[in-house]
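[1] Predicted structure and sequence below. I'll ask about it afterward.
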Amino acid sequence: MPVTTQQKQSSKPYYLPVVMTVAVLLFTACGSDESGAATAVQDSNINNNIGSIYNTSCISCHAGGNAAAPRAHDVAAWQPKLAKGIEVLLANVKSGFGAMPPKGMCYDCDDEQLRALINYMAAPK
């Protein structure tokens, strides 16, 4: 019995969740740390959105180095900052530092997103 177009379309919504479930199960089985797959998915979601968050919250100062902000993707400018440690940088971002307002204008960002933004801006393009 041939499959109709309507039957094909009705099965499509189930395809992606099944593939994602299998992928998560495979990632979980590959490591000894059971939280590794969940962390990988969370990190992936943060990294997928980080460019967008940068463009709405950080770009106005970090693209041009305004108000002594280190330019995004200028590894040399970020090295002295990173030498302080990510937790010190996170604390500075959260409370504001120099001309940077608290949370660096990303008022909705949690600590993981702020860390990801720091790492994004400190990395070469």
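    Ah, there it is. Numbers count the residues shown, from 1 in each chain.

[2] For L114, list the residues it contacts.
    Taking C-beta atoms under 8 Å, 6 or more residues apart in numbering as the criterion, L114 is in contact with 90, 93-94, 103-104, 106. C-beta here means a position set from N, CA and C on the backbone, and glycine is covered the same way.

[3] any weak-confidence spans in this protein?
    Scanning the chain for pLDDT under 70 picks out 1-48.

[4] Please enumerate the strands of it.
    Along the chain, counting by DSSP state E, no stretch forms strands.

[5] List buried residues within the contacts of L114.
    90, 93, 103-104, 106 (16 or more other C-beta atoms under 10 Å).

[6] The protein: helices as residue ranges?
    Using DSSP state H, the helices found in the chain span residues 5-30, 36-57, 59-62, 75-83, 86-95, 111-122.

[7] if we can go back for a sec, I'd like the contacts of L114 laid out as a markdown table, including distance to R115.
    Formatted as a markdown table, those follow (distance: C-beta to C-beta, whole Å):
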| residue | distance to R115 |
| --- | --- |
| L90 | 6 |
| V93 | 9 |
| K94 | 11 |
| K103 | 13 |
| G104 | 12 |
| C106 | 12 |
